[in-house]
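Colleague: Need the 3D shape of this:
(chains A and B, ligands or ions: 4)
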Amino acid sequence: MRPVSYARATSVAEAIAALRAHPDAAFLAGGTTEIDLLRLDVVRPNALVDINALPLSRIEDLADGGLRIGALARMSDVAEAPAVVERFPMLMQALLLGASAQLRNMATIGGNLLQRVRCSYFRDVASPCNKREPGTGCSALDGINRGHAVLGTSDHCIATHPSDLAVALIALDAVVRTEGPRGARAFPIDEFFLLPRDTPHLEHPTEHGELVVAVDVPAAPIARRSLYAKVRDRESYEFALASVAAAMDVQGGVIRAARVALGGVATKPWRARRAEQILVGAPAQRDTYARAAREELASARPRQLNAFKVELAQRAIVRALETLAETGGPQ
Amino acid sequence: MNDTTTPETQAPPVARRRAQARKKQAAANASLPMRGPTEVDVTLKINGVEQVARIEPRVSLLDALREHLLLTGTKKGCDQGTCGACTVWVDGRRVLSCLTLAMACEDHEVTTIEGLAKGGELHPMQRAFIAHDAFQCGYCTPGQIMSAVALIREGHASTDAEIAEWMSGNLCRCAAYPNIRAAIRDVRDSEAGGNDASG
Ligand SMILES: Cc1cc2nc3c(=O)[nH]c(=O)nc-3n(C[C@H](O)[C@H](O)[C@H](O)COP(=O)(O)OP(=O)(O)OC[C@H]3O[C@@H](n4cnc5c(N)ncnc54)[C@H](O)[C@@H]3O)c2cc1C
Ligand code: SF4
Ligand code: FES
Ligand code: FES
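Modeller: Ligands and ions are numbered 1, 2, ... in the order given. As a prediction, this is how the structure comes out:
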């Protein structure tokens, strides 16, 4: 682990200014990604600006019935907030099915969105990796790629986006609010995550010193009946092989509105818009779900070891929608 | 940062505003001094006692505890956040000390396994682990116990399935899981005094 300097910021302006003054510094929130990757030499900041003392951990109601979640709110606290439990069960479930109790006590909402991929070549500085060192090649293309993505991939990177939270937030049309050298900005969450294309080292539209201050979740009555389903190699404390955030409004047996997003199978949190198009207006039954799932995965580009994910993701979608139609939410 | 070249009083508004912004910026920079990267004095409150460790900022809370303050009860398994052996409490919440910087704990209260016993009496959870034979090699045990006490306090120990889920951040290579759950049930039930409602 390389040596680093450390400072604790007491205001947002101070935190932004500190990163501006130190081009090789990084923000430190819960540290569950940053300290891990620092120790592995994957990230190489020369200074850490601790943002944990900033007043950004509140969860507030927005005028329209939505929520503003402070960037420093901890995963555990957000999962327990009554507004989240009642109005956005898929968000609660996505948080509780992620990491472990200890990690959720540490990890922040902002840090979760900015966590890095779990690709083992990315984490191993001895391996070529376009994301870590642009132009060196992608070791996963013909390597151990069982956990990698089948949607949104490129010839330069196929790493899965690891966040569960982001999958629920993308289904909810959340907005990521930042403050930085260019003042305050707001990004629709779909635009906050970039596809790898031929620049997999660029993951977000933000710049150095731009601080995520909050995530806004707009009101969505449909989300009261929603869930997050996660399929993984073991029952707990594991990243997704495939996951589904889903909400559905069914009236008289017909789907009036639907939100579907996928995790574990794509290079960014994946809004399943094609599936949603098929669902809306169709009868709420298994055939419909299966067709929607099939069409969403039609553009999948599997590699040697992850082809099973194409089928797995479809089954996960069908299971999630069936459960939702039968029970209306988390069990 | 050098903003002395423009006489601020005569400057046009935009330049003046920029100069002011630069000044504000310089003030903000100046008010956030970096500490390290070489050794600095870090004051930590551990198990109710303030101690000063002379460490580099990169030192984890885990290494500060074990290597500098000689509190070796907290164990290092993976050093990557995946095993839970290093579980301690910061301000009463269970966290992983391997992914926490010691310096970030200044002004916070750290509790380790050494802080659980009171007046020479083991904590009920420690006694229950012994009574139920909830370990073999014992390496994961301090982390398991710190997690288990927090688990009951959080109210996440109502069923075996819930215990398993909320203890999943603590791996045990000896697979003492059934006995660990038995110890937790025992403490849960005795704390509840036969009253299930209190969790
Ligand atoms: C063993 C393990 C298992 C895990 N399992 C899961 C899982 O199942 N599901 C899941 O979703 N996640 C999982 N995670 C990932 C975990 O959720 C993230 O590491 C965590 O959310 C990151 O948040 P943090 O506050 O710790 O961020 P940090 O590590 O402090 O920061 C992460 C990055 O974001 C930057 N940053 C942090 N906050 C801000 C901000 N406000 N503005 C700008 N930049 C910022 C930092 O500079 C850094 O680059 C797991 C992690 C581990 C170690
Ligand atoms: S998949 Fe992406 S992160 Fe993994 S080795 Fe290839 S370029 Fe690197
Ligand atoms: S040593 Fe901290 S989680 Fe393994
Ligand atoms: S008792 Fe040996 S690892 Fe748990």
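
Colleague: wait, doesn't B:I163 sit right on B:A157?
Modeller: Yes - in terms of Cβ atoms under 8 Å, B:I163 counts as a neighbour of B:A157; the distance is 5.2 Å. Every residue, glycine included, has its C-beta placed from N, CA and C.

Colleague: so what sits against both of the two?
Modeller: Listed as contacting both B:I163 and B:A157 by Cβ atoms under 8 Å, 6 or more residues apart in numbering or on different chains are B:151, B:184-185.

Colleague: In the residues you listed, which residue is surrounded by the most others?
Modeller: Neighbour counts for those were taken using other Cβ atoms under 10 Å in any protein chain shown; the highest belongs to B:I184, with 28 neighbours.

Colleague: tally of neighbours for A:E60?
Modeller: Other residues lying near A:E60 total 12 when counted by other Cβ under 10 Å.

Colleague: Within the helices and strands, which one has it?
Modeller: strand A:59-61 (DSSP states H and E).

Colleague: How many residues are close by the residue in chain A that ligand 4 sits nearest to?
Modeller: Taking Cβ to the nearest ligand atom as the measure, the point where chain A comes nearest ligand 4 is A:Y237, at 15.3 Å. As a burial measure, A:Y237 scores 21 neighbours (other Cβ under 10 Å).

Colleague: quick one, what contacts it?
Modeller: Residues near A:Y237 by Cβ under 8 Å, 6+ apart: A:99-100, B:168-169.

Colleague: And the residue of chain B closest to ligand 2?
Modeller: Residue nearest to ligand 2 within chain B (Cβ to the nearest ligand atom): B:Q80, separated by 17.2 Å.

Colleague: Next, that residue: secondary structure please.
Modeller: Counting by DSSP: H, G, I helix; E, B strand; the rest coil, the backbone at B:Q80 sits in coil.

Colleague: Also the one 5 residues further on?
Modeller: With three-state DSSP as the basis, B:A85 sits in coil.

Colleague: Now it: closest residue in space, sequence neighbours ignored.
Modeller: Excluding the flanking residues, the one nearest B:A85 by Cβ to Cβ, 6 or more residues apart in numbering or on different chains is B:G77, at 3.5 Å.

Colleague: same check, this time on A:V43
Modeller: Setting aside the residues directly before and after it, A:V43 is nearest to A:L37 in space (Cβ to Cβ, 6+ apart), at 4.4 Å.

Colleague: In TSV, list the shared contacts of B:I163 and B:A157 along with distance to ligand 3.
Modeller: As requested, those are exported to TSV (distance: Cβ to the nearest ligand atom, whole Å):
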residue	distance to ligand 3
B:L151	16
B:I184	20
B:R185	25
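
Colleague: just the residues you listed that are near chain A?
Modeller: The residues of these that also fall near chain A, by Cβ under 8 Å from any Cβ of the partner chain, are B:L151.

Colleague: Check which element follows the strand holding A:E60 along the chain.
Modeller: According to DSSP H and E, the helix or strand after strand A:59-61 is strand A:67-70.

Colleague: Now do the helices in chain A.
Modeller: For chain A, the helices defined by DSSP state H occupy A:12-21, A:34-39, A:75-80, A:82-87, A:89-96, A:101-106, A:109-113, A:165-171, A:189-192, A:273-279, A:286-296, A:308-327.

Colleague: I misspoke; the intended subject was chain B.
Modeller: Under DSSP H, chain B gives helices at B:13-30, B:61-63, B:124-131, B:141-154, B:160-166, B:177-192.

Colleague: What are the contacting residues of the third one?
Modeller: Okay, so that is helix B:124-131. Here helix B:124-131 makes contact (Cβ under 8 Å, 6+ apart) with B:116-117, B:122, B:134-135, B:141, B:144-145, B:148-149, B:152, B:180, B:183-184, B:186-187, B:190-191.

Colleague: show me what contacts the closest residue to chain A within chain B?
Modeller: Of all residues in chain B, B:G169 sits closest to chain A, at 2.5 Å by Cβ to the nearest Cβ. Taking Cβ under 8 Å, 6+ apart, we find B:G169 in contact with A:99-103, A:237, B:84, B:87, B:96, B:147.

Colleague: Can you tell me which of those residues has the most neighbours?
Modeller: Highest neighbour count within the contacts of B:G169, by other Cβ under 10 Å: B:L96, with 33 neighbours.

Colleague: roughly how far apart are it and A:Y289?
Modeller: Distance, B:L96 to A:Y289, using Cβ to Cβ, to the nearest Å: 39 Å.

Colleague: from the contacts of B:G169, which is closest to ligand 1?
Modeller: A:A99 (3.6 Å).

Colleague: Could you count how many residues lie near the residue nearest to the closest one when sequence neighbours are not counted?
Modeller: In this structure, A:A99 finds its nearest non-sequential neighbour in A:A107, 6.5 Å apart by Cβ to Cβ, 6+ apart. Close neighbours of A:A107, defined as other Cβ under 10 Å, add up to 27.

Colleague: what do you get for A:R87?
Modeller: The burial count for A:R87: 22, using other Cβ under 10 Å.

Colleague: hang on, the earlier thing: out of the contacts of B:G169, which touch ligand 3?
Modeller: Restricting the contacts of B:G169 to those near ligand 3 by Cβ under 6 Å from any ligand atom leaves B:84, B:96.

Colleague: on that earlier part again, of the contacts of helix B:124-131, buried ones?
Modeller: For the contacts of helix B:124-131, a burial check counting by 16 or more other Cβ atoms under 10 Å in any protein chain shown picks out B:116, B:134-135, B:141, B:144-145, B:148-149, B:152, B:180, B:183-184, B:186-187.

Colleague: got the residues you listed as CSV, with pLDDT columns?
Modeller: Shown next, in CSV, are those (pLDDT from 0 to 100):
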residue, pLDDT
B:L116, 97
B:A134, 98
B:F135, 97
B:T141, 98
B:Q144, 98
B:I145, 98
B:A148, 98
B:V149, 98
B:I152, 97
B:I180, 98
B:A183, 98
B:I184, 98
B:D186, 97
B:V187, 97
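
Colleague: and which of those is nearest ligand 1?
Modeller: Lowest distance from ligand 1 to the buried ones among the contacts of helix B:124-131 (Cβ to the nearest ligand atom) belongs to B:Q144, with 16.7 Å.

Colleague: The nearest residue to that closest one once chain neighbours are set aside and B:P142: what is the separation?
Modeller: Of all residues not flanking B:Q144 in the chain, B:N170 sits nearest, at 4.9 Å (Cβ to Cβ, 6+ apart). Per Cβ to Cβ, B:N170 is found 10 Å from B:P142.

Colleague: A:P45 reaches A:V4, doesn't it?
Modeller: Yes - using Cβ under 8 Å, A:P45 is in contact with A:V4, at 6.2 Å.

Colleague: between those two, what contacts are shared?
Modeller: With Cβ under 8 Å, 6+ apart, A:P45 and A:V4 have common neighbours A:L38.

Colleague: More neighbours: which of the two?
Modeller: Between A:P45 and A:V4, A:V4 has the larger neighbour count (other Cβ under 10 Å), namely 24 against 20.

Colleague: hang on, isn't the more buried one packed against B:P57?
Modeller: Yes - the criterion here is Cβ under 8 Å, and A:V4 meets it with B:P57 at 5.6 Å.

Colleague: Give me the common contacts of these two.
Modeller: A:48, B:36-37.

Colleague: one step back: and B:N170 and B:P142? Which one has more around it.
Modeller: The neighbour comparison of B:N170 against B:P142 (other Cβ under 10 Å) goes to B:N170, with 27 against 23.

Colleague: where does chain A have low pLDDT?
Modeller: Low-confidence segments of chain A, defined by pLDDT under 70, are located at A:331.

Colleague: And the chain, what are its domain boundaries?
Modeller: You didn't pick a chain, so chain A it is. Domain segmentation of chain A under automatic domain parsing yields A:5-50, A:225-327.

Colleague: wrong chain, I was asking about chain B
Modeller: Annotated domains of chain B cover B:40-115, B:124-194 [automatic domain parsing].
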